[in-house]
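Colleague: Return a 3D structure for these sequence lines:
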Amino acid sequence: MRGIDVSKFQGAINWPAVKAAGIEFVIIRAGYGRETWQKDAYFERNYTGAKAAGLHVGAYWYSYADTIDDAKKEAAACLEVIKGKQFDFPIYFDLEENKQLAKGAAFCSGIVRAFCSELEKAGYFAGLYMSRYHLQQSIEPETAKRYALWVAEYGNGLHYTGKYGIWQYSDAGRVVGIIGNVDMDNAVVDYSKIIINGGFNGYPKQVTQAEPVTYKVEKGDTLTAIARKYKTTVKALQNENGIKNANLIYAGQVLKIPVKTG
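Modeller: Just a heads-up that it's a prediction; the model follows:
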């Protein structure tokens, strides 16, 4: 899938033109830092425009966290900014500050887990954005495997051997509808199906109807015994089958068993 990622630095975007140019998804910067006032100045405009144009939409939050507590505060700010919206691509923790990377894999993995765990508690599908080099050098393997990966490496190929979902392959792309350069991305995972079906990122949980269950009455059966067997009530069996007298059932009669949805 062809995609881009944008922030205020792309200015006003003609989203119908972007869609017509063959772009299928966009990851939008929601903001950065620990405060809600650090929301990206074009976030609302970009979100509304991209959704209206029919693109798949995700978001990212740029981190400056110095501590685990900082990362949790960044998550809280991010959650407040994206509240009430629906994203069918992940919400990413953007980790690329040199002062963070210099603290090593244990520290970087810790702030990734802190941020992403807060998002997951709130029902979001969390991901991690990093360059390929720093992903290999500054993140513990188990943490890299834990979240949706969006990996940056510019050039003709991505030299990352682990599983990933999106490759950011250029920061100098050109797309009709955007003035100047824009980051270009290629998704090898269609997150929209996972997220919508799973009820993440503001989408409702899917309620499925169980397969109908029937029972053929045998000689000597009672509604009380049948209700006990299927963990329901006599009243529910009567209502489901239109039985007025609970004592009048007969051998060979086929009863519909009330089922729960979930």
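Colleague: Could you count how many residues lie near the nearest residue to Phe125 once chain neighbours are set aside?
Modeller: Closest residue to Phe125 apart from its sequence neighbours, by CB to CB, 6 or more residues apart in numbering: Phe200 at 4.1 Å. Placement of C-beta: from N, CA and C, glycine included. When neighbours are defined as other CB atoms under 10 Å, Phe200 has 23 of them.
Colleague: I'd assumed Phe200 was in a helix, is it?
Modeller: No. Looking at Phe200 with DSSP: H, G, I helix; E, B strand; the rest coil, it is coil, so not inside a helix.
Colleague: what about the helices in the stretch 151-262 of the chain?
Modeller: 191-198, 223-229, 234-241 (DSSP state H, counting those that start in this stretch).
Colleague: can I get those helices in a markdown table with mean pLDDT and mean neighbour count?
Modeller: Below are these laid out as a markdown table (pLDDT from 0 to 100; neighbours: other CB atoms under 10 Å):
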| stretch | mean pLDDT | mean neighbour count |
| --- | --- | --- |
| helix 191-198 | 95 | 17 |
| helix 223-229 | 92 | 15 |
| helix 234-241 | 93 | 15 |
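Colleague: Can you say which of those helices is nearest to Tyr129?
Modeller: Closest approach to Tyr129 among the helices of the stretch 151-262 of the chain (CB to CB): helix 191-198, 13.7 Å.
Colleague: so where's this structure uncertain?
Modeller: In the predicted model, the chain carries pLDDT under 70 at residues 207-211, 260-262.
Colleague: orientation of whichever strand or helix holds Trp150 relative to helix 191-198 in degrees?
Modeller: Trp150 belongs to strand 148-152 when assigned by DSSP states H and E. Relative orientation of strand 148-152 versus helix 191-198 (axes from the mean of the first three to the mean of the last three CA atoms, to 10 degrees): 160 degrees.
Colleague: In TSV, list the helices of the stretch 151-262 of the chain along with distance to Ala41.
Modeller: Below are the helices of the stretch 151-262 of the chain laid out as TSV (distance: least, CB to CB, whole Å):
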stretch	distance to Ala41
helix 191-198	26
helix 223-229	62
helix 234-241	56
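Colleague: need the contact list for Phe93.
Modeller: Neighbouring residues of Phe93 by CB atoms under 8 Å, 6 or more residues apart in numbering: 60-61, 63, 71, 111-112, 115-116, 126-129, 147.
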